[in-house]
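Engineer: Sequence plus predicted model, see below.
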Amino acid sequence: MEAPFIMILILCTWDAINEMDEYFSPIHTYQVCNVMSPSQNNWLRTNWIQRDGARRIYIEMKFTLRDCNSMPGVLGTCKETFNLYYYETDRDVGTSIWESQFSKIDTIAADESFTNVDLGVRRLKLNTEIRGVGPLSKRGFYLAFQDIGACIAVVSVRVYYKRCTGMARNLAVFTDVVTGADSSSLVEVRGQCVDHAEERDTPKMYCSAEGEWLVPIGRCVCSAGFEEHRDNCIACEVGFYKPVAGDQLCGKCPLHSHSETRAALTCPCDANFYRSSTDPSASPCTRPPSAPVNIISYVNGTSVSLEWGSPLDTGGRSDVIYDVLCQKCDKDGAQCEDCRVALVRFIPQQTGLTEPWVTVLNLAAHSNYTFRIVALNGVTHLSNELPQSVMVNITTNQAAPSQVMAIRQENASQNSVTLFWHEPAHPNGVILEYDIKYYEKDNEQQSYATLKSKNTSAKVSGLKPGTSYIFQIRARTSAGCGRFSQSVEIQTVSKVSDRSSIIRTDDFFTCFIITIRCGYSKAFQDSDEEKMHYQNGHVSFPEARFYIDPHTYEDPCQAVHEFAREIEASRIKIEKIIGSGEFGEVCYGRMKLPGKRDIPVALKTLKAGYTEKQRRDFLGEASIMAQFDHPNVIHLEGVVTRSKPVMIITEYMENGSLDSFLRRHDGQFTIIQLVGILRGIAAGMTYLADLGYVHRDLAARNVLVNSNLVCKISDFGLSRVLEDDPDAAYTTSGGKIPIRWTAPEAITYRKFSSSSDVWSYGVVMWEVMSYGERPYWNLTNRDVIKSVEEGYRLPVPMGCPGALHTLMLDCWQKNRNERPRFCQIITVLDKLIRNPENLKLNSPLMNRSIPDFTSCRSVDEWLDTIKMGRYKDHFAAGGYLTVGHVMSMKQHDIQRLGVTLMGHQKKIMTSVQMMRAQVLNQSVPSVHI
């Protein structure tokens, strides 16, 4: 907005003349036309003008100026410009001003000048010029016009400043404000919230030098109990509420609640309905549940399993839990007393059950018990009524025997073991027989055998020499079988020892045992894995290769000539362009070989006008590729550096990049074929990892496929060699990172290692099994980083076996030291290819016997057993203080404790399910294989 000043011109050697314009309208002008005399200095000054808060003013001048060429005899003295000046003062000083006190604003020239012809027809060629002056600091100022020999008439002068007009925006009021002192300055204005509104972020707008408001920053929001309506905040109507300040509108009162006044913050519950302290104000009011239904009891000796149905009316809540009340009654049921908690054991627990079942152990034999199942929820304690429950009466039978203890080995040979043990401390009847279960160590899942004995000793025959076996024993009575004993490990005697591995040297023996092994506890270990050979007293080491980082060469040409083969340009024929790369075009061509048929090749060219850095990087990639020789790594045929264009020549991969190839053949491969593709990629990465290279950009787009469906690693533009330290990592110096394929530590700390390549390989697995889908779909890179940091992992692709997804999750472990190595990944994939039935398992890397979780007496002991001890504090903070509490857990409970890794969640949940099964089946005879 413009604000004008009132201005009066003071005449000084200029003439004030009234005349008619071309439309015969009167106009008042100030004129001067002393063009005949040289060295003119004629001034026209305004009166003193108050600044009125303006920091920058604008002067709009309308004037006419005569063309010097239209006047004879004035070419030496006539001018066609005049000067504009200003002078700042704090008061009106009258005429006591010297010319030297004025500051020049600008020299003003006319866009159009008039001639005698224009005068004859009264054509007024009016010029308009605007100039700005600032910053101004004193109370007022003068303007002056200096004529230096022109024929000029000033028709009008308008002096004004600009301001932004007050307005309301985002529930904030902004007042008028004068623009800044400079042409590019912005004036910050803070807004005031309207009534019943409060600041969310400080509301601000900026007034530009042109008097326009720029985009607002921050805003006000309506207070609790009020909603926005036409830049104002109005109260919520009766029956509506708004609990907190914000953008949201007033909401209708939730079910079974109401509000009686306007501007309500909450809606109180109706009669007999309640809202717990943890319920948000937006949740409906609820009530206690009805009684459980359809209770069923299963008596097994001195234990009972109870199951029941959920209440028909949950009270509108999902947090229904159950308490079990136990009473022991006399024969007639007339007198009852509470069960002795110290003796009776409830699985998973007695109170706070989330599942509709419980197993009660250690009851007295041949006794009457009454069990009452009480249904509770989050508002039961707010009600004055007693909780609803259902009751059942049971009578126990004879108890099964207790656990066999003190197993010892009496004798052991190459093929047999003799065992002795003590009778159970509590046989609870006549022992009919003992079951001896035995199996090779770490092989229980494949087969085990049993042997029966009437006595407290047994000889187990038919064993393998030099083999470790696990033995467990349990007793059986007419009431059933007791629990198996603790496992006992016994090794049979080996055959005649092989002494060829012991070498006598003078007075002592030296034995070298050299094993190369990947230390990943989940991985399968094949007997036919590659090992170093020890023969005739010598250790045979595999041939080591040493590689040189081409970036250490001062001249990249020296490196490329040392590693790569130079090819004459005459042997190369470029046939077509098939794409473009970072450095130039990618072409298809043929290379002539002396005495052989031409072979198809791919050619990368270095574009014209390349920089020195581009040249070094281009030749550096060739130097790296030249040092690789593996069937699953792209092969470099050679380079052309002695003529232009400079070229890198590689083998031609007919099917292009893997991601595009998979999308073109969606759903056309078997699972085993896809596993074969993954195996090839893993083999190439194992080769690179063994050389100490980190790829840093492993993705399906950087894997090429030839006509035989062999996959080869390519694109080594980001690769870097590591030091001898196998755990070394490369810190990047900048550049873009492929977020969707990159490990968290590489994104956050720019630390790359072979372990970060394993993470990328897991994403490639997901791309392969989903036939080239984009990882994380349409999520932004920022959202991908946040989701991965919070524990999100890509879900199992459609049709992907669980074993492969489990391997992916292992590759995506947050702790890079817990990820498998590429050599282990190959071992797992080879096993899956040889035994496709393993694809149906969810944990292909696991190869251990299942421990007896029921023997764990504390949560800490159980977590240590499954190697999840890191979460002890999580479980304690979540209120899971007993093993019984743990057995009632669900998947979402584990997530709520802060266990974010998918692999750890699955491992804990699997253990919980196994523990439940072991408790329920501990008295049921096993099925023998």
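Structural biologist: Nice, I can see it. None of the values given here were measured: they were computed from a predicted structure.

Engineer: can you pull the buried residues of stretch 336-354?
Structural biologist: The neighbour-count criterion (16 or more other C-beta atoms under 10 Å) identifies 339, 344-350, 353 as the buried residues of stretch 336-354. Heads up, the C-betas are built off the backbone N, CA and C, glycines and all.

Engineer: Revised request: answer the last question for stretch 901-914.
Structural biologist: 901-909, 911-912, 914.

Engineer: Identify, from the buried residues of stretch 336-354, the entry nearest to residue 762.
Structural biologist: residue 348 (35.0 Å; C-beta to C-beta).

Engineer: Spit out the contact partners of the closest one.
Structural biologist: By C-beta atoms under 8 Å, 6 or more residues apart in numbering, residue 348 lies in contact with 355, 358, 883-888, 916.

Engineer: how about 7 Å then?
Structural biologist: Counting by C-beta atoms under 7 Å, 6 or more residues apart in numbering, residue 348 touches 884-885, 887-888.

Engineer: Narrow those residues to those that are buried.
Structural biologist: 884-885, 887-888.

Engineer: Mind putting the residues you listed into a markdown table with pLDDT, secondary structure and distance to residue 665?
Structural biologist: Output for the buried ones among the contacts of residue 348, formatted as a markdown table (pLDDT from 0 to 100; DSSP: H, G, I helix; E, B strand; the rest coil; distance: C-beta to C-beta, whole Å):
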| residue | pLDDT | secondary structure | distance to residue 665 |
| --- | --- | --- | --- |
| 884 | 81 | helix | 53 |
| 885 | 83 | helix | 51 |
| 887 | 83 | helix | 47 |
| 888 | 81 | coil | 47 |
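
Engineer: any chance of those in JSON lines, plus distance to residue 761?
Structural biologist: Putting the buried ones among the contacts of residue 348 into JSON lines (distance: C-beta to C-beta, whole Å) gives the following:
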{"residue": "884", "distance to residue 761": "41"}
{"residue": "885", "distance to residue 761": "39"}
{"residue": "887", "distance to residue 761": "37"}
{"residue": "888", "distance to residue 761": "38"}
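
Engineer: Could you list the low-pLDDT ranges of the stretch 501-650 of the chain?
Structural biologist: Counting by pLDDT under 70, the stretch 501-650 of the chain contains low-confidence ranges at 501-548, 552, 554-556.

Engineer: And the helices in it?
Structural biologist: 556-563, 612-625 (DSSP state H, counting those that start in this stretch).

Engineer: what's the longest one packed up against?
Structural biologist: Read it as helix 612-625. When contacts are defined as 3 or more C-beta pairs under 7 Å, 6 or more residues apart in numbering; DSSP states H and E, helix 612-625 packs onto helix 556-563, strand 636-640.

Engineer: can you put the ones you listed in JSON lines and add distance to residue 470 and mean neighbour count?
Structural biologist: Supplementary listing: those in JSON lines, determined by distance: least, C-beta to C-beta, whole Å; neighbours: other C-beta atoms under 10 Å:
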{"stretch": "helix 556-563", "distance to residue 470": "55", "mean neighbour count": "19"}
{"stretch": "strand 636-640", "distance to residue 470": "54", "mean neighbour count": "22"}
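
Engineer: To residue 298, which of those lies closest?
Structural biologist: strand 636-640 (71.2 Å).

Engineer: Give me the contacts around the closest one.
Structural biologist: Contacts of strand 636-640 with the rest of the structure, by C-beta under 7 Å, 6+ apart, involve 560, 564-567, 569, 572, 591, 601, 622, 625-626, 646-651.

Engineer: what are the phi and psi angles of the closest residue to residue 790 other than its chain neighbours?
Structural biologist: Take residue 790 and drop its neighbours on the chain: the residue closest to it by C-beta to C-beta, 6 or more residues apart in numbering is residue 900, 6.5 Å away. Main-chain torsions, residue 900, degrees, to the nearest 10: phi -90, psi -20.

Engineer: Residue 900 against residue 792, yeah?
Structural biologist: No: contact criterion C-beta atoms under 7 Å: residue 900 and residue 792 do not qualify, at 8.4 Å.

Engineer: Please tell me how far residue 133 sits from residue 105.
Structural biologist: Using C-beta to C-beta, to the nearest Å, residue 133 is found at 6 Å from residue 105.

Engineer: So for these two, which residues contact both of them?
Structural biologist: Common neighbours of residue 133 and residue 105 (C-beta under 7 Å, 6+ apart) are residue 86.
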